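Engineer: Need a 3D model of the following:
(chains A and B)
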Amino acid sequence: MFEGRSQFFNLPLLGGGTPATESLRSYIFRLAMAHRLRPKALLTELLAKHGAHSAISNLNDMFKSMNIHGDGGRAKRLLRLFAESTGVDLGLATMGRFLPVLSTKHLVRSEAYYCPECVRVEVSGDGSSFPHGQLLWEVDCVRACPMHGVRLRRSKVCGAAADDKLPLNKRPQLSPVCHSCASIGFRCVADVPETASASELWVARQVGRLVSLPPSVTDEFSRRRLQAGIKALAEARFGRSTVEAAVVAELSRNLVWYWANTDTPPSLPLLLQLCASCGADPLALLEGRFEPGADVAPGPIRLVERDYQRMTMTVEELRAAVEQASSEAPPPSAKSVARRLGVSERRMRVLLPDEFAVLVERNTTHRQQEEERTFQATVSAYEAAAQALVAEGKTVGAKYLQERAGLVAYSHNRNRQRALEGVIAKYRRPS
Amino acid sequence: MNTQTVQQRASAQVSGMASRSLSDEDIAKQKGFYDTRVKHYKMEALLADLLPLLTPHSESNIIVLTGATGVGKSTLTKRLLSRLIQDFTGVVERDPGAVPLAYVEAYADGDARFSFKGLYRSLLNELQDPGTDNKCSLEVSDGKLVIKPQASRTTSVLRAALEDALKLRKTQVAVVDEAYHLLRFGKLTAVMDTLKSLANTTGVKLVLVGSFDLYDLVSDHGQVARRTAILNLDRYHVEDAEDRKQFKKVVEMLQAKWPCEMAPQFAAISDELLEVSLGCVGLLKSLMLDASAMQLHNRGVWESGFLKKAAKSNKLREVIRREIEIGEAKVRDALYGESLWDDEKVVELATRMELSRV
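Structural biologist: Numbering: from 1, shown residues only, chains lettered A, B, ... in the order given. Got it, this is the predicted structure:
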């Protein structure tokens, strides 16, 4: 009867134009709930209508990592499809609009966070209203809520008892509802919110200013303008020395020069680190000028801890650190050692091939031993359960065995699957 | 005239007509006549009563439109829909997600348990709601969001999805045609409770279109009666001079759309047509459609015998007449406007109100 209606409900984006702007991820989850569909089913409907199944693959992975802020074809297409299908301009809901001037590195985090106070305020007394997930909470360098002055919490932390945790097919995907126990607004976590530090709040306020900017302002951002802003900062504060600016901000010596003179875009945390150290207003910098920030940072801040430690270590110091890590019990993985020392795994392998090989070998051996030990323990548990079932005159089947042993053999857990199959084969009655 | 002569003549005519196949042009003309809808006095009067009842935020949430078979309920529904579509143009333009009006036909598939499911599905499709087969149960209980994936496609899940869709699509009016099928969905009180709560929770005006039997849905239930208005599309009455005059206009309008060049002068016998069609415009049109088909098959030549054959047989007409009279008697005092006050009392009340102003 009415042609050209939007495929999905025309739900308005919440908090648009404020630091509490809703994130695209939260919007999609809320939209799915309004249609009484799981988010995956909603996406399937969207892609089926637009024939985009082949173009947008690995949707599950994309949602798990929340990587829907990019400026790549997939993220842009998804954003466009959702905007068309709802009739709502969703540009404000992603960090994608800053990508012409900022790097994707350290932009959004791969884990959901929330502000316990924002959530508490939004949830009604009977728990029937749903808080919305804020874009600010998804920005990697934001650790605090600028409105309530408390630290953000990880969504993965559930305070419910083990019995209250839900099976996988009943777990909701709605931010911020606890994924493990479905408690609306994370009422399962009773801890008192932690007070945020002054520097955490400064960062949150600056990012809050950015996400609340209207498109008319962000559309004007360009690399050229930012370069002009960085040059103006270097000129005003350090007599044009970008190296000095970098040193003051505890950045790699030539990094600021790269930002100012090449097409290399800065990452948001490092740009904020520079602004905090130099007393610059980040928004003015993005607009191509230097202005002392009205909201002065409490002092130099370090938002990215690991990337630039390498410059302070010699090869010998690195060798000693790797050798020491190899002798630790249990031996850590090469990846975790690289992360701890602030060097890339590839660089460590190139500089110290022998030490690296020892580290990998010890870790691999340890993991194999651990796997075998877990396997044997699982077999023992299943065997004990099987013997109990046999004693009761029951058939030793997969379902009873898992229930009795209290160990579910998920399809991705190959060890348990192997143990279960082995025990069933052993106790199977001859036909 | 003996019976054999009539039968012989009729069979000769039939064989003559059978030899003439209709051209595409003839079929198009007949279709044009079939699609012709005429606005007439009784229908316009009912629409004038109905439209104010569809104003949002008024108490009557369920509006029952009844009428005799062939009185023109389908045409009335089409008129109502086109009028509402016109009224909702602004809403639709402002909001790309809005579906302010939904139209479905209730149907019975023989199993009452699945009937509401079918109605909900039809409404969800009408509201262009995606993923009807993948709906899941989402409930808030004790501050937790409870998902029951296995409960998908149950009646309650579809009902909840429909409630959300009606609210979020900003639906104002839902028209359920052939609504007498609802009588077979279950106990009448349960059916009406379901409809009442659907209308209450969503604020949607439910318009049920169907035969006089719909009155049974509302007659036993005070709660429902409070929120219901019954409107009857009245037929034209031969004993009423104004009705005869208006009916003649209807005949003239249909005659003007006649699909053959040689149009019979039906207007001259409008009173007789009123009588034979029991005052129902739909029955009149059926008669004229049959007659026009015969004329087209007869190479466009009109014969007076067509009129006799097109008119309903006495026995069938009697069945329809009896049904209409029983139905009209059933709803007579329940109709919209048939209140405690008669015309005389209303005049008296109006006078008192005016005097108090002075």
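
Engineer: Residue numbers of the stretch 151-300 of chain A in contact with chain B?
Structural biologist: Residues of the stretch 151-300 of chain A found near chain B (C-beta under 8 Å from any C-beta of the partner chain) are A:N169, A:K170, A:R171, A:P172, A:L174, A:V177, A:C181, A:A182, A:S183, A:I184, A:G185, A:R187. In this view, the C-beta of every residue, glycine as well, is placed from N, C-alpha and C.

Engineer: and with 10 Å instead?
Structural biologist: Counting by C-beta under 10 Å from any C-beta of the partner chain, the stretch 151-300 of chain A comes close to chain B at A:160, A:164, A:166-167, A:169-174, A:177-178, A:181-185, A:187-188.

Engineer: tally of neighbours for A:V390?
Structural biologist: Look at A:V390: counted by other C-beta atoms under 10 Å in any protein chain shown, it has 13 neighbours.

Engineer: shouldn't it be in contact with A:Y427?
Structural biologist: Yes. If you go by C-beta atoms under 10 Å, A:V390 and A:Y427 touch, sitting 6.4 Å apart.

Engineer: tell me, what's touching the two both at once?
Structural biologist: Shared contacts of A:V390 and A:Y427, defined by C-beta atoms under 10 Å, 6 or more residues apart in numbering or on different chains, comprise A:V396.

Engineer: before we move on, back to that, buried members of the residues of the stretch 151-300 of chain A next to chain B into ChimeraX, please.
Structural biologist: ChimeraX command restricting these to the buried ones, with burial defined by 16 or more other C-beta atoms under 10 Å in any protein chain shown:
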select /A:160,166,171,172,173,174,177,178,181,182,183,184,185,187,188
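
Engineer: Return the subset of the residues of the stretch 151-300 of chain A next to chain B lying in helices.
Structural biologist: When DSSP state H is applied, those are split such that none fall in helices.

Engineer: Point me to the residue sitting closest to the centre of chain A.
Structural biologist: When C-alpha atoms, centre = their mean is applied to chain A, the residue found nearest the centroid is A:S110 (1.4 Å).

Engineer: Distance from the helix or strand containing B:L198 to the middle of the chain?
Structural biologist: In this assignment (DSSP states H and E), B:L198 forms part of helix B:188-202. Chain-centre distance of helix B:188-202: 21 Å, with C-alpha atoms, centre = their mean, to the nearest Å.

Engineer: Which of the three states applies to A:E250?
Structural biologist: For A:E250, the secondary structure call by DSSP: H, G, I helix; E, B strand; the rest coil comes out as coil.

Engineer: Excluding sequence neighbours, find me the nearest residue to it.
Structural biologist: A:R302 (6.2 Å; C-beta to C-beta, 6 or more residues apart in numbering or on different chains).

Engineer: Report how many residues lie close to the one you found.
Structural biologist: By other C-beta under 10 Å, the residues close to A:R302 number 15.

Engineer: Please point out which parts of stretch B:247-257 sit buried.
Structural biologist: Buried-residue list, stretch B:247-257, by 16+ other C-beta under 10 Å: B:F247, B:K248, B:V250, B:V251, B:M253, B:L254, B:Q255, B:K257.

Engineer: residues contacting the residue nearest to the fifth one when sequence neighbours are not counted?
Structural biologist: Excluding the flanking residues, the one nearest B:M253 by C-beta to C-beta, 6+ apart is B:V38, at 4.4 Å. Contacts here follow C-beta under 10 Å, 6+ apart; on that basis B:V38 touches B:72, B:75, B:249-254, B:256-257, B:281, B:284-285.

Engineer: my guess is B:K135 meets B:E163, correct?
Structural biologist: No. Here B:K135 lies out of contact with B:E163, judged by C-beta under 10 Å, at a distance of 11.9 Å.

Engineer: higher neighbour count, these two?
Structural biologist: Remark: of B:K135 and B:E163, B:K135 carries more neighbours, 26 against 17, as counted by other C-beta under 10 Å.

Engineer: Show me where chain A dips below the pLDDT cut-off.
Structural biologist: A:52-67, A:70-72, A:124-128, A:305-312, A:429-431 (pLDDT under 70).

Engineer: In space, what's closest to A:F9 - neighbours in sequence excluded?
Structural biologist: A:F9's closest residue in space is B:L168 (C-beta to C-beta, 6+ apart), at 4.1 Å.

Engineer: I'd like to know how many residues surround that neighbour.
Structural biologist: When neighbours are counted by other C-beta under 10 Å, B:L168 registers 20.
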